[in-house]
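Student: My questions concern the predicted model and sequence given below.
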Amino acid sequence: MVEEKAAERAKYEELDKNPRLKDPKDYYFNKLGEFALYKLSYYQCYKCKNPYYGGMRDCAGGEN
């Protein structure tokens, strides 16, 4: 469930256009869900136990 939410958010953030997802030599080649979890922060709500988006992991950037 978290990976699907992350992949959906990645499309919204346009992370699906990252060249790493298109490079067959890259670990994240065709793995949008995994790449999304690498780039985005998700947390579990203490009340309802559902995951929620907490922002980009590294907003200062410099890395693809």
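Tutor: That came through, no problem.

Student: tell me the centre residue of this structure?
Tutor: To find the centre residue of the chain, average its C-alpha atoms and take the closest one (Cα atoms, centre = their mean): that gives Ala36, at 1.4 Å.

Student: Please report the distance of that residue from Tyr27.
Tutor: Spatial separation of Ala36 from Tyr27 under the definition Cβ to Cβ, to the nearest Å is 14 Å. From N, CA and C alone the C-beta is placed, and that goes for glycine too.

Student: Likewise for Pro19?
Tutor: 13 Å.

Student: same question, Gln44
Tutor: Summarising the geometry, the distance separating Gln44 from Tyr27, computed by Cβ to Cβ, is 26 Å.

Student: I'd guessed the residue nearest to the centre of the chain sits against Val2; true?
Tutor: No: Ala36 sits out of contact with Val2 when judged by Cβ atoms under 8 Å, with a separation of 9.4 Å.

Student: Need the residues touching each of those two.
Tutor: Taking Cβ atoms under 8 Å, 6 or more residues apart in numbering as the contact rule, Ala36 and Val2 have no neighbour in common.

Student: Next, the contact list for Gly55, please.
Tutor: When the contact criterion is Cβ under 8 Å, 6+ apart, the partners of Gly55 are Leu40, Ser41.

Student: Surely it forms part of a helix?
Tutor: No: counting by DSSP: H, G, I helix; E, B strand; the rest coil, Gly55 falls outside a helix, being strand.

Student: and the gap between it and Asp23?
Tutor: 26 Å.

Student: how about the strands in this protein?
Tutor: Along the chain, the stretches classed as strands by DSSP state E are 40-44, 51-56.

Student: who does the shortest one touch, helix- and strand-wise?
Tutor: In this structure, strand 40-44 makes packing contacts with helix 2-12, strand 51-56, judged by 3 or more Cβ pairs under 8 Å, 6 or more residues apart in numbering; DSSP states H and E.

Student: Mind putting these into JSON lines with distance to Leu32 and mean pLDDT?
Tutor: As requested, these are arranged in JSON lines below (distance: least, Cβ to Cβ, whole Å; pLDDT from 0 to 100):
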{"stretch": "helix 2-12", "distance to Leu32": "5", "mean pLDDT": "93"}
{"stretch": "strand 51-56", "distance to Leu32": "15", "mean pLDDT": "91"}
